[in-house]
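Undergrad: This is a predicted model, with the sequence first.
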Number of protein chains: 2
Amino acid sequence: MEILGYFVDLDETMHTIKDKGYKTVALQIPEGLKGSTSKIVEFIEKETTCTAIILADPCFGACDIANYELKNLGVEFVIQIGHTPIPNLENILIPTTFVNALSSREVAQAVEKSIPLLDGTRIGIVTTAQHLHTLDDVEKILQKHNLEPIISDGDGRISNKGQILGCNFSAGLNIVDEVDSFLFIGSGNFHPVGLLLSSKKPVIVADPYTNSVKKQELEDLKDTILRQRYGAIANSQNAKKFGIFIGMKKGQQRVKLAHKIKEMLDSVNKKSLLIAMENFSPTSLQGFRDIDCFISTSCPRIAIDDYLQYKTPILTPAELEIVLGKRKWEDYIFDQIS
Amino acid sequence: MEILGYFVDLDETMHTIKDKGYKTVALQIPEGLKGSTSKIVEFIEKETTCTAIILADPCFGACDIANYELKNLGVEFVIQIGHTPIPNLENILIPTTFVNALSSREVAQAVEKSIPLLDGTRIGIVTTAQHLHTLDDVEKILQKHNLEPIISDGDGRISNKGQILGCNFSAGLNIVDEVDSFLFIGSGNFHPVGLLLSSKKPVIVADPYTNSVKKQELEDLKDTILRQRYGAIANSQNAKKFGIFIGMKKGQQRVKLAHKIKEMLDSVNKKSLLIAMENFSPTSLQGFRDIDCFISTSCPRIAIDDYLQYKTPILTPAELEIVLGKRKWEDYIFDQIS
């Protein structure tokens, strides 16, 4: 079905519901498509005999799987719309299916515009779930201009060739030594600036929503972020008490890493607390007045993107290593979940 | 141990941790005590050999039990501080203990001040978890003034005599026909205005934190709330599409009631969606642009206390009955979870 400019194919999911005889299913819908919730529920309840319960808490990715807590609600099956699965997630109690929302925007115009901005001839192509179906077209346009497009698989967290997540750029990094620059298909700065920071290769954005391209804006944002990170690290040099975040969302749990960080802090006689949280917010943290510095093992973007929201510095694990003198600033790496 | 004016007795909990050999425990701490988190963790880690993980998401009551999702974090035992247990909650996967935080404030001065405001001679005494240990003293002061104090058990949701929750006033309502007025020991309007709205008997507040008393202020607040509720009901008369909230917090789940409301709406040809949520907020609801009216089967206070935050009316189940002509405004009841 067509929803607000996206194609969402629910046919296979309807077959599954009928085959398995599910009576109650739960729906996770990204914020941008919530306005069409009724349309989706009506479709499901027309095609099957099940009742659909909408899960209204924001869902920003496949890392955020609603699960255990739905048992009491009688939910037998979860349908998450707008995301592709994270293959290496374990312990999913309730069967969950992911139905991608494919943008109907044509990419040709934006990609043509990007050609003069691309560095070199070997171009790594990456995108988000919404534009995966356009990669063949992008490849052809580049070839027409005598460029060599390269599209790679990611690691175990990535389910499609050429796909990047806000926390995982492996489909780009796997080919970083083979390409001269990257072409990112999509909108916003969230994904491409992550790739730029982690790959250190030029990244050009072709945005099919606005038919515009950008490169310098991303470089400027990278510089701003690096200045902020340098500042956060500097502000944490004299921290006495640390708080180590553990994400409770299923795909954001790095419990072993959190314990490893605690041991590292113990070994240099720094006090630390393990702090688990479902929803990170300045409000939830304001009670911890005696913590001088937080380290996040949860979503890597909490430290980076929400920088200005928090009064106390939040570092990534690699940034803590710099604070503790175990890593040089020159060896700065962008945090990822692999 | 003494924390910010509260006495928290962790001795029994330490015995349990040692007896059972728990290696990892989780801590839920109310917002007001979060500033002392380190002190509590240091105590636990000194007394036992376990690691304590703090759960930082706000926890407003025993209805909000962290559970299933902690399995992956290796948590074997949950300690919730500042609340008393809700006896009739089922399906608690990880053993959970509740450690009350008892206020060190003396109540005598505030109770003495309340005497002239009390209506009649038969006085129902109610309070919150923090002041339960003062009820004997309150009783004696009332008797000294030739009044007849009455303290009652609540229903299956209430673990102590004389205790009320924001969603349950049974310890007051069980004796509503035997008393002339109620004396509430505690601070804030949240609990006493709920009792006033549900009992329709005078409620006098004796606040041990400020040593002040109030009665008229509560009556005024009751009138404001009733006007708001009348407005919300009036604004929902022409609603075409309804959203029925189901709370995901363990003690806020009224799934059967939600399905019953859906059936009721179906029977009068009104469209409705079942919407489950962990954290209710205007942000999470703003996507549902086509919903004209929400009905909350979750925490009864969402509709009442957060009234001004939401643009779309949120009704309690009884208020929906008024909208649908199945209940008269004169028979208005305050929503409770029993």
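TA: Thanks, I have the structure now. Worth saying up front: this structure is predicted, and the values here are computed from it rather than measured.

Undergrad: domain assignment for chain A?
TA: A:2-103, A:108-214, A:236-331 (automatic domain parsing).

Undergrad: For B:F60, find the nearest of these.
TA: Within the domains of chain A, the stretch nearest B:F60 is domain A:236-331; the backing value is 12.4 Å (C-beta to C-beta). C-beta here means a position set from N, CA and C on the backbone, and glycine is covered the same way.

Undergrad: May I have the distance across the closest one, first residue to last?
TA: 18 Å (C-alpha to C-alpha, to the nearest Å).

Undergrad: how about the domains of chain A in TSV, adding mean neighbour count?
TA: Shown next, in TSV, are the domains of chain A (neighbours: other C-beta atoms under 10 Å in any protein chain shown):
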stretch	mean neighbour count
domain A:2-103	18
domain A:108-214	20
domain A:236-331	19
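
Undergrad: Include mean pLDDT and distance to chain B when you put the ones you listed into JSON lines, please.
TA: Listed next are these as JSON lines, based on pLDDT from 0 to 100; distance: least, C-beta to the nearest C-beta, whole Å:
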{"stretch": "domain A:2-103", "mean pLDDT": "93", "distance to chain B": "3"}
{"stretch": "domain A:108-214", "mean pLDDT": "97", "distance to chain B": "17"}
{"stretch": "domain A:236-331", "mean pLDDT": "93", "distance to chain B": "3"}
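
Undergrad: Report the buried residues of the helix or strand that contains A:K222.
TA: According to DSSP states H and E, A:K222 maps onto helix A:216-235. Buried residues in helix A:216-235, counted by 16 or more other C-beta atoms under 10 Å in any protein chain shown: A:218, A:221-222, A:225, A:229, A:232-233.

Undergrad: Identify the farthest-apart pair in the residues you listed.
TA: Farthest pair in the buried residues of helix A:216-235, by C-beta to C-beta: A:L218 and A:I233, 22.3 Å.

Undergrad: before we move on, the earlier item: who are the packing partners of the helix holding A:K222?
TA: helix A:190-199, helix A:301-305, strand A:314-315, helix A:317-323 (3 or more C-beta pairs under 8 Å, 6 or more residues apart in numbering or on different chains; DSSP states H and E).

Undergrad: Please produce TSV containing those, extended by distance to B:E321.
TA: Formatted as TSV, the helices and strands packed on helix A:216-235 follow (distance: least, C-beta to C-beta, whole Å):
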stretch	distance to B:E321
helix A:190-199	46
helix A:301-305	44
strand A:314-315	48
helix A:317-323	54
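
Undergrad: between the ones you listed, which one is nearest to A:L257?
TA: Of the helices and strands packed on helix A:216-235, the one closest to A:L257 (C-beta to C-beta) turns out to be helix A:317-323, at 6.3 Å.

Undergrad: hmm, who's touching stretch A:156-166?
TA: The contact list for stretch A:156-166 (C-beta atoms under 8 Å, 6 or more residues apart in numbering or on different chains) reads A:61, A:84-88, A:125-129, A:132, A:135, A:151-154, A:167-168, A:170-172, A:184, A:190-191, A:194-195, A:299-301, A:337-338.

Undergrad: Can you measure across that stretch, start residue to end residue?
TA: Using C-alpha to C-alpha, the two ends of stretch A:156-166 sit 15 Å apart.

Undergrad: From the chain's centroid, how far away is that stretch?
TA: Relative to its chain's centre, stretch A:156-166 lies at 9 Å (C-alpha atoms, centre = their mean, to the nearest Å).

Undergrad: Please state the offset of stretch A:76-91 from the chain centre?
TA: That offset, for stretch A:76-91, works out to 14 Å (C-alpha atoms, centre = their mean).

Undergrad: Please read the previous query as pertaining to stretch A:13-28.
TA: 27 Å.

Undergrad: In contact with A:N168, which residues?
TA: A:154-155, A:157-158, A:336-338.

Undergrad: Tell me the one among these nearest to B:D331.
TA: Nearest member of those to B:D331, counting by C-beta to C-beta, is A:I337, at 54.7 Å.

Undergrad: Now that closest one: phi and psi?
TA: Dihedral pair for A:I337: phi -110, psi 120, per degrees, to the nearest 10.

Undergrad: Among the contacts of stretch A:156-166, which lie within strands?
TA: Within these, residues falling in strands by DSSP state E are A:125-127, A:184.

Undergrad: quick one: which two of these are the most distant?
TA: Longest span within the ones in strands among the contacts of stretch A:156-166, C-beta to C-beta: A:I125 and A:F184, 8.1 Å.

Undergrad: so which helix or strand takes in the nearest residue to A:T96 once chain neighbours are set aside?
TA: Closest residue to A:T96 apart from its sequence neighbours, by C-beta to C-beta, 6 or more residues apart in numbering or on different chains: A:V78 at 4.2 Å. Here A:V78, judged by DSSP H and E, is contained in strand A:77-81.

Undergrad: residues making contact with that strand?
TA: A:8, A:10, A:13, A:16-17, A:20, A:22, A:24-30, A:33, A:40, A:44, A:59, A:62, A:65-67, A:70, A:94-99, A:101.

Undergrad: can you rerun that using 7 Å?
TA: A:8, A:13, A:17, A:22, A:25-30, A:33, A:59, A:62, A:66, A:70, A:94-99, A:101 (C-beta atoms under 7 Å, 6 or more residues apart in numbering or on different chains).

Undergrad: My understanding was that A:N100 contacts A:T84; is that so?
TA: Yes: at 5.6 Å, A:N100 and A:T84 qualify as touching, with contact defined as C-beta atoms under 7 Å.
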